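**Student:** quick one: sequence and predicted model below, then my questions.
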Amino acid sequence: MIDNIELILPFLVFESSDDFYYLQILQRKKENAELGSNSRVIKNYYITSKEYLLERYDEIKKLWEFFNARASIRLNKRSFEKVGFKMLENTANSMRNREYKFLNKSYDRACGQGHDDKYKKWILDIDDNDWLESQTEELIEFLNNLQPLGNKYLSEVPSKSGLHIITSPFNIEEFNRKYTGIEIHKDNPTNLYMMKNE
């Protein structure tokens, strides 16, 4: 099992009642071949405090187990106000395009379309464990020497088949000249609870 709750909690910072973090229980086609699409949302959570997450954590794990799913959270916080306005925009666009069956998804779509975090967190997604063992220290040193100068390495979160290295923003063009095969995600979820690949 991969249980990253202790690694995730320090990233959750709440400065006002407008702040929340977006957590999803997702079934993926990789683990559920019968799915008609690449993924299916089982449940969404809008995390308004660390206590709120901890109170629901047993429920999250049970849903994960029952549905053979993943529990993933976005580390860049959201704003209820901004998500609300984005939802109205999404709703209007769906109605204009006569896509009425998608109206019920307008809010959650808005949650995934942007964040309101002044301290942005990016994810380096690395699936090659042999590479990780030999290259992680060099990668972190290289990151910290990119513009803007300073410590950009924030943490490591185990993934299903490797590692998510959590960073603050850096010069992508310079990074890609040295590391061509590493995916950079500016606002993707990371794993909270899931089964690790054997």
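**Tutor:** Nice, thanks for sending it over.
**Student:** okay, now the unreliable bits of this protein?
**Tutor:** The model of the chain has pLDDT under 70 over residues 197-198.
**Student:** where do the helices sit along it?
**Tutor:** Per DSSP state H, the chain carries helices over the ranges 5-8, 50-55, 57-67, 80-96, 106-112, 129-144, 172-178.
**Student:** which of those helices sits closest to residue 193?
**Tutor:** Minimum separation from residue 193 across the helices of the chain (Cβ to Cβ) falls at helix 57-67, 5.5 Å. All C-beta atoms are positioned from the backbone trio N, CA, C, and that covers glycine.
**Student:** quick check: domain ranges of the protein?
**Tutor:** 2-76, 78-114, 122-194 (automatic domain parsing).
**Student:** dump these into JSON lines; add mean neighbour count as well.
**Tutor:** Formatted as JSON lines, the domains of the chain follow (neighbours: other Cβ atoms under 10 Å):
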{"stretch": "domain 2-76", "mean neighbour count": "16"}
{"stretch": "domain 78-114", "mean neighbour count": "15"}
{"stretch": "domain 122-194", "mean neighbour count": "16"}
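**Student:** leaving out the residues flanking it, which one is nearest to residue 195?
**Tutor:** Leaving aside its sequence neighbours, residue 195 sits nearest to residue 1 (Cβ to Cβ, 6 or more residues apart in numbering; 6.4 Å).
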